[in-house]
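Asker: got a sequence here, can you model it:
(chains A and B)
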There are 2 protein chains.
Amino acid sequence: MNRPQPVERMVDIIKKLPGVGPKMAERLSYHILKMPQGEVERLIDAIQQARGKMKNCNICFNLSESDPCPVCADTAREHNIICVVETPQDLIAVSKAKDYKGLYFVLGGALSPLDAIGPDDIRIAQLIKRLKSGKITEVIIATDTDSKGETTALYLAELIKPMGITVTRLGYGLPVGGDIEYADELTISRAISGRKEM
Amino acid sequence: MNRPQPVERMVDIIKKLPGVGPKMAERLSYHILKMPQGEVERLIDAIQQARGKMKNCNICFNLSESDPCPVCADTAREHNIICVVETPQDLIAVSKAKDYKGLYFVLGGALSPLDAIGPDDIRIAQLIKRLKSGKITEVIIATDTDSKGETTALYLAELIKPMGITVTRLGYGLPVGGDIEYADELTISRAISGRKEM
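Answerer: Prediction:
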């Protein structure tokens, strides 16, 4: 006997989510089947609401309910420094360090030749366009410290330095091979104050 | 800076799902925000369809698209033997062993005094009612082999044996402390042929 077709279909779709294997997908599916109707409606509503309300800021490409986002619209911030991160989650992690008063740019990923992710697959052209149009004096590269993030950082440095803009990389304090999103606030604070020119 | 409120709400709801921690919930939420609209619609439709179509069979309480389910409605099966399992997933695992031609009963969990789950919280009354009404000669108890499953098995045996029904427990082959759902088919086949009276 196999799972009934409607359950099979739900498991098939859920197991494609990141970090969810077949057993986890089965567990989640049977749990969802047993949940009170109100809870399922809240889950679906939360997904639909979030997708309906969140958009990319056209300046920094962070996810935001408004465009431009509150950070880009904040005239009290230093508009001549841009911190480049891979994902919106990384941006939130850096912002929690509080030492940083500049703006951001979300690449939407990192270069990864093995996964066939090249410069056209992340927002490198949009970043360069923004740097050309503004009065940017420094770009802090806060990509992950794994090989993809390092590759991306080196690529960006080569591209941006000839534009006469100072390019820095988050400095000591970051564990090598790690994921910026999971770094603690103190580590990120140290990395910001210890950033080095590339 | 914290996550925007719509994202926060989605993370909060997703992290309550079993086996999903806060980081996993965040990862899933941002993934869902990036998914193509068609994929999100398929995910939501699969959940709604499965919940709409699946019901409990009124005889065995397995999840099924029909009531009674195809197993209970199958006159070719041995209607005098019932295999008692904790969950629909366990039922599917036992059915894959193919040695078993009887019927089933899904308890909907196991006794767990530490979690305050007592006899009234699983379908023990419904099982006894079914045993009283039918011509059942044997009950095979296939609850998990962890402490909750063993407790439940002992409790059921005490309850059912005075009714003049043979009570057996899946026999050798099952690893102690394990979860029936994850056992391989051969192990379950051996456990069925080696079942012992309690």
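Asker: burial of A:Val106, as a residue count?
Answerer: Using other CB atoms under 10 Å in any protein chain shown, A:Val106 is surrounded by 25 other residues. The C-beta positions use only the backbone N, C-alpha and C, and glycine is treated the same way.
Asker: surely it meets A:Ile59?
Answerer: No. Contact criterion CB atoms under 8 Å: A:Val106 and A:Ile59 do not qualify, at 10.3 Å.
Asker: how about the secondary structure of A:Tyr155?
Answerer: For A:Tyr155, the assignment made with DSSP: H, G, I helix; E, B strand; the rest coil gives helix.
Asker: can you give me the distance of it to chain B?
Answerer: Distance of A:Tyr155 to chain B, computed by CB to the nearest CB, to the nearest Å: 22 Å.
Asker: contacts only, for that residue.
Answerer: By CB atoms under 8 Å, 6 or more residues apart in numbering or on different chains, the residues touching A:Tyr155 are A:111, A:119, A:124.
Asker: again with A:Gly38
Answerer: By CB under 8 Å, 6+ apart, A:Gly38 has no neighbours at all.
Asker: surely it forms part of a helix?
Answerer: Yes. Under three-state DSSP, A:Gly38 falls within a helix.
Asker: run the chain-centre distance for the strand ranked longest in chain A.
Answerer: Secondary structure of chain A per DSSP state E: the longest strand is strand A:78-85. Centre-to-centre, strand A:78-85 and its host chain are 15 Å apart (CA atoms, centre = their mean, to the nearest Å).
Asker: partner strands of that strand and their direction?
Answerer: Using DSSP bridges, strand A:78-85 pairs in its sheet with strand A:102-106 (parallel), strand A:138-141 (parallel).
Asker: any idea how far chain B is from A:Pro113?
Answerer: A:Pro113 is 22 Å from chain B, by CB to the nearest CB.
Asker: how about A:Ile122?
Answerer: Distance of A:Ile122 to chain B, computed by CB to the nearest CB: 13 Å.
Asker: ditto for A:Arg51
Answerer: Computed as CB to the nearest CB, the A:Arg51 to chain B distance reads 6 Å.
Asker: ditto for A:Val40
Answerer: Taken as CB to the nearest CB, the span from A:Val40 to chain B is 6 Å.
Asker: show the pLDDT at that residue.
Answerer: At A:Val40, the pLDDT value in this model is 96.
Asker: try A:Asp146
Answerer: pLDDT recorded at A:Asp146 is 84.
Asker: that one: what's its closest spatial neighbour, skipping adjacent residues?
Answerer: A:Gly177 (5.6 Å; CB to CB, 6 or more residues apart in numbering or on different chains).
Asker: any residues touching whichever strand or helix holds A:Arg27, and which ones?
Answerer: For A:Arg27, the host element (DSSP states H and E) is helix A:22-34. Contact with helix A:22-34 is made by A:3, A:7, A:10-12, A:14-15, A:17, A:20, A:40, A:43, B:17-20, B:47, B:50-51, B:54, B:63, B:87-89, B:182, as judged by CB under 8 Å, 6+ apart.
Asker: give me that answer again for 6 Å
Answerer: Helix A:22-34 is touched from outside by A:7, A:10-11, A:14-15, B:17-19, B:47, B:54, with contacts defined as CB atoms under 6 Å, 6 or more residues apart in numbering or on different chains.
Asker: near chain B, which residues of chain A are found?
Answerer: Contact residues, chain A versus chain B (CB under 6 Å from any CB of the partner chain): A:1, A:4, A:6-7, A:9-10, A:13, A:17-19, A:24, A:28, A:31-33, A:42-44, A:46-47, A:49-50, A:53-54, A:65, A:92, A:95.
Asker: which residues touch A:Ser112?
Answerer: A:Lys148.
Asker: kindly state the beta-bridge partners for it.
Answerer: Taking DSSP bridges as the rule, A:Ser112 bridges to A:Ile117.
Asker: can you tell me the closest non-neighbouring residue to A:Thr143?
Answerer: Nearest residue to A:Thr143, sequence neighbours excluded (CB to CB, 6+ apart): A:Gly149, at 3.6 Å.
Asker: do the same with A:Val20
Answerer: Using CB to CB, 6+ apart and skipping the chain neighbours, the partner closest in space to A:Val20 is A:Ile14 (6.1 Å).
Asker: residues touching the one you found, list them.
Answerer: Going by CB under 6 Å, 6+ apart, A:Ile14 touches A:25, A:28-29.
Asker: tell me how far stretch A:79-99 is from the chain's mean position?
Answerer: Relative to the centre of its chain, stretch A:79-99 is centred 9 Å away, using CA atoms, centre = their mean.
Asker: in it, what's buried?
Answerer: Residues A:81-95, A:97 are the ones in stretch A:79-99 that count as buried (16 or more other CB atoms under 10 Å in any protein chain shown).
Asker: other residues contacting it?
Answerer: Here stretch A:79-99 makes contact (CB under 6 Å, 6+ apart) with A:62-63, A:102-107, A:109-110, A:135-143, A:180-181, A:185, A:188-189, A:192, B:1.
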